[in-house]
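Asks: the sequence and its predicted three-dimensional model are supplied below.
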Amino acid sequence: MDKNTERNLVERARTDRQAFGALYDSYYKKIFNYVLRRCVNLHAAQDITSNTFFNCLNSFKSFRWDDKLGFSPWLYRIATNCINEYFRKSKKYVSVASEEMEVYLRQDVPSSEYEQVERELDDKKEFRELQKQISILDEKYQEIIHLRYFESKSYEEISYILGIKEGTLRSHLSRALGELRKQMSATNTSLAHYN
């Protein structure tokens with residue numbers, strides 16, 4: 001959706017449930033996938049995604065349109081806050097590890113969907129190993145890596161989402177990638193596809 005269409009939809013969504021429904025339909029899958037990759041648990045991801053849109057709806061008065069950023073970073077910021085709240089309440093921080101993801105998927109995904117997901121997981125063993133290594137990193141580094149490389153967010157967008165200066169963000173990302181490279185070289189895993 002182009003920025004003008006999105007801006008009009010966001011403005012209408014402040015008072016129009018159908019417009020909000022259109023935003024929900026447009027962003028649900030992206031937000032849900034982001035949340036699922038971060039928390040691993042399908043039921044938790046569903047709850048967190050619901051809370052994200054609930055908080056979005058209740059916070060529309062505070063949203064100010066920015067032509068550079070648009071709507072997406074604001075929604076990701078809400079989702080990130082909901083994820084962090086989930087981890088604070090559960091007193092643990094877990095990111096995607098291949099075995100855990102497979103267990104959750106087996107339990108919670110209908111068999112036809114699970115077969116497709118299982119094929120995708122088998123095709124992406126290197127990706128699963130990368131995710132496992134990312135889960136060892138500090139939480140702030142995991143957030144940055146997920147937003148930059150899996151959500152394809154710009155530095156400006158990530159800076160807004162996480163509420164940190166762009167220079168700090170770049171420094172954190174550099175450290176995160178350095179730590180990740182060390183971990184992966186220790187396990188003889190390649191980062192070639194993710195540079």
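Replies: Okay, I see it. Numbering: from 1, shown residues only.
Asks: what lies in contact with the biggest helix by length in the chain?
Replies: Longest helix of the chain, by residue count under DSSP state H: helix 17-39. With contacts defined as C-beta atoms under 8 Å, 6 or more residues apart in numbering, helix 17-39 is touched by 1, 9-10, 12-13, 42, 45-46, 48-49, 52-53, 57, 71-72, 75-76, 79, 82-83, 86-87, 94-96, 131, 142-143, 146, 150-151. C-beta here means a position set from N, CA and C on the backbone, and glycine is covered the same way.
Asks: buried set for the helix or strand harbouring S171?
Replies: Per DSSP states H and E: S171 is located in helix 166-186. By neighbour count on 16 or more other C-beta atoms under 10 Å, the buried set for helix 166-186 is 169, 172-173, 176-177, 179-180, 183-184.
Asks: using TSV, lay out these together with distance to E126 and pLDDT.
Replies: Output for the buried residues of helix 166-186, formatted as TSV (distance: C-beta to C-beta, whole Å; pLDDT from 0 to 100):
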residue	distance to E126	pLDDT
L169	26	96
H172	24	96
L173	21	95
A176	19	94
L177	16	93
E179	19	92
L180	14	91
Q183	14	86
M184	10	83
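Asks: what's the farthest-apart pair in those residues?
Replies: The span of the buried residues of helix 166-186, defined through C-beta to C-beta, is set by L169 and M184 at 21.9 Å.
Asks: what angle sits between the helix or strand hosting S59 and helix 17-39?
Replies: Per DSSP H and E, S59 falls inside helix 42-59. On the basis of axes from the mean of the first three to the mean of the last three C-alpha atoms, to 10 degrees, helix 42-59 is oriented at 140 degrees to helix 17-39.
Asks: now do the very next helix or strand once past helix 42-59: everything it contacts.
Replies: Heading C-terminal from helix 42-59, the first helix or strand you meet, by DSSP H and E, is helix 72-90. Helix 72-90 has contacts (C-beta under 8 Å, 6+ apart) with 27, 30-31, 34-35, 38-39, 44, 47-49, 51-52, 55-56, 59, 63, 93, 139, 143, 147, 151, 153, 157, 160-163.
Asks: tell me the buried residues within the residues you listed.
Replies: For the contacts of helix 72-90, buried by 16+ other C-beta under 10 Å: 27, 31, 34-35, 38-39, 44, 48-49, 51-52, 55-56, 63, 93, 143, 147, 151, 153, 157, 160-162.
Asks: per-residue pLDDT, the residue nearest the centre of the chain?
Replies: The residue lying closest to the centre of the chain (C-alpha atoms, centre = their mean) is Y34, at 2.7 Å. pLDDT, Y34: 93.
Asks: the one 5 residues further on now?
Replies: Turning to C39, the model gives it a pLDDT of 82.
Asks: from L162, how far off is it?
Replies: To L162, C39 is 17 Å away according to C-beta to C-beta, to the nearest Å.
Asks: cool, and C82?
Replies: Distance from C82 to L162, by C-beta to C-beta: 14 Å.
Asks: overlap of the contact sets of the two?
Replies: With C-beta under 8 Å, 6+ apart, C82 and L162 have no common neighbours.
Asks: separation between Y155 and K165?
Replies: 10 Å.
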